[in-house]
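Undergrad: I'll drop the sequence and a predicted model, then ask my questions.
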Amino acid sequence: MKKLVIMLLISLSVSGCAGIATIGAVMYYKSQNHEVASVDIEAPAKNVYQVAIKTIQGKPNVTIVNKNDSAMQLDILKNETSGSIKVTALNSKLSQLTIVSDLTADNETTPLSAVLKICNELKVKCEQTK
């Protein structure tokens, strides 16, 4: 899962998508096997990471299987679905939040809904790009 997150972050950077996104615009991608949601948030990375941890810890059916505080990355498991959350500091007041998961079932939390929940907890307006 870590390799997937790194590859997706690199592809977003190389393609230029991450550079042209406006703050609060959630980019969401879904393939046959994975889902990815990414957003630039006007908040310090440390705050975004702490809210992500708090949000996950409040879910009884979600387990943090790997936590790397220095890299601000979490690997999680919900039922049989694995996922990864990565927070990157773009500057002191701007962060990028990226959530990747195996393809989720229709009734499960998706990376998109998780990103929107974290934005809501931070009281930052985020919405999916069209």
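TA: Sure thing, it's come through. Not measured: the values here are computed from a predicted model.

Undergrad: touching, Glu121 and Val51? I think so.
TA: Yes. Here Glu121 reaches Val51: they are 4.9 Å apart, a contact under C-beta atoms under 8 Å. C-betas here are computed from N, CA, C, even on glycine.

Undergrad: so the two - more neighbours on which side?
TA: Val51 (21 against 16; other C-beta atoms under 10 Å).

Undergrad: and that one, how far is that from Ser31?
TA: 27 Å (C-beta to C-beta, to the nearest Å).

Undergrad: tell me the helices and strands packed up against the host helix or strand of Asp40.
TA: Here Asp40 sits within strand 34-41, counting by DSSP states H and E. Applying 3 or more C-beta pairs under 8 Å, 6 or more residues apart in numbering; DSSP states H and E, one finds that strand 34-41 makes contact with helix 2-15, strand 25-30, strand 94-102, helix 111-121.

Undergrad: of all the residues in the second one, which ones are buried?
TA: Same thing as strand 25-30. Val26, Met27, Tyr28, Tyr29 (16 or more other C-beta atoms under 10 Å).

Undergrad: ok and the strand ranked longest in the chain relative to strand 34-41, angle-wise?
TA: Counting residues, the longest strand found in the chain (DSSP state E) is strand 81-91. Orientation of strand 81-91 against strand 34-41 (axes from the mean of the first three to the mean of the last three C-alpha atoms, to 10 degrees) gives an angle of 20 degrees.

Undergrad: which parts of strand 81-91 are buried?
TA: Those buried within strand 81-91 under the rule 16+ other C-beta under 10 Å are Thr81, Gly83, Ser84, Ile85, Lys86, Val87, Thr88.

Undergrad: show me what contacts the second one?
TA: For Gly83, the set of contacting residues under the criterion of C-beta atoms under 8 Å, 6 or more residues apart in numbering consists of Met1, Asp75, Ile76, Leu77, Ile99, Val100, Ser101, Asp102, Pro111.

Undergrad: great, nothing more from me.
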